[in-house]
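S.K.: Here is my input; please provide its structure:
(one chain, ligands or ions: 2)
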Amino acid sequence: MNDRNGPVVGIVPAAGRGVRLGEQLPKAFVELDGRTMLDRSVEAMLDSGVVDRVVVVAPPELASTPPARLVGPSRVGRVVVVAGGAERADSVRAGLAAATGARFVLVHDAARALTPPGLFVRVVAALRDGSDAVIPVLPVADTIKSVDADGTVTGTPDRASLRAVQTPQGFDVDLLARANRDAADATDDAGLVERLGERVSTVAGDPLAFKITTPLDLVLARALLAAVDRSEKEE
Ligand SMILES: Nc1ccn([C@@H]2O[C@H](COP(=O)(O)OP(=O)(O)OP(=O)(O)O)[C@@H](O)[C@H]2O)c(=O)n1
Ligand SMILES: C[C@](O)(CO)[C@H](O)COP(=O)(O)O
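M.R.: Residues are numbered from 1 along each chain as shown. Ligands and ions are numbered 1, 2, ... in the order given. Down below sits the predicted model:
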């Protein structure tokens, strides 16, 4: 058997507070057109057909919520819920501990609630083809500057070599466990793998996989869903 045919487990960090979004609820539980971001993210993962099971990493006070109250009925049997930690990397570590039997893991922000199933397919295909760490990326539209503590510009990196990074990020499960063990201050999981000196490869991202971070992102997500709804009614 090809070792790379093994199970894929999704880890969905959903334990953040959503301070920048500024809603009353933890962000993953905010609704978009009647369904939570978390439910939408789990559905997209499982509907992709390339993810076997999902570990939801919830805020500690919600971690004993039965899966049936977090995700739709057709997905309940393939979902477990565990408690997250103070930082995103702590939540990913908790998810990894529950990803038993995984050959590969896909770490996917609950906050990227409109991610199309095809993006999961691309990431898993790259893992099956031989990569041990894969991230979706998009070209950067703005010029990016580095600045010092006073806000004075210190440099302009060549935009051609820059990419905006999304999730799902896919990994050989043992590699991510090793990278995450002493999680330093990295803003994504691939950053921890890079620190080990291991290769991280890329696939094309998708603009719909944007992270719902601010109130403006929420307006955009809701408008996109309303537009889909209108066009479905016209058909
Ligand atoms: N301790 C944490 C922090 C974040 N996350 C999750 O990681 C994803 C990306 O994080 P982000 O968008 O920054 O969410 P928040 O941390 O909730 O946002 P904020 O920084 O505005 O509070 C989200 O799905 C969030 O729920 C997590 O599981 N555990
Ligand atoms: C992991 C991530 O979504 C990749 O872009 C991003 O780095 C998470 O950042 P956040 O500030 O924790 O939302």
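S.K.: I'd like to know how many residues surround the residue of the chain found nearest ligand 1.
M.R.: For the chain, the residue closest to ligand 1 is residue 16, as judged by C-beta to the nearest ligand atom, at 2.1 Å. Heads up, the C-betas are built off the backbone N, CA and C, glycines and all. For residue 16, the number of neighbouring residues by other C-beta atoms under 10 Å comes to 21.
S.K.: Which residues lie in contact with the residue lying closest to it once chain neighbours are set aside in this structure?
M.R.: Using C-beta to C-beta, 6 or more residues apart in numbering and skipping the chain neighbours, the partner closest in space to residue 16 is residue 27 (5.7 Å). With C-beta atoms under 8 Å, 6 or more residues apart in numbering as the criterion, the residues that contact residue 27 are 16-18, 21, 37, 110-111, 212.
S.K.: Return the helix or strand in the protein with minimum mean pLDDT.
M.R.: For the chain, scoring each helix and strand by mean pLDDT, DSSP states H and E identifies helix 215-234 as the least confident one, at a mean of 93.
S.K.: Mind listing what's buried along it?
M.R.: Buried residues in helix 215-234, counted by 16 or more other C-beta atoms under 10 Å: 217-218, 221, 225.
S.K.: Same check on stretch 192-199?
M.R.: Within stretch 192-199, the residues scored as buried using 16+ other C-beta under 10 Å are 192-193, 198.
S.K.: Around the closest residue to residue 155 other than its chain neighbours, how many other residues sit close by?
M.R.: Nearest non-adjacent residue to residue 155, counting by C-beta to C-beta, 6+ apart: residue 146, 4.5 Å away. Here the count is done by other C-beta under 10 Å, and residue 146 has 9 residues near it.
S.K.: ditto for the one 3 residues further on
M.R.: Residues contacting residue 149 under the criterion other C-beta under 10 Å number 5.
S.K.: Fine by me, thanks again.
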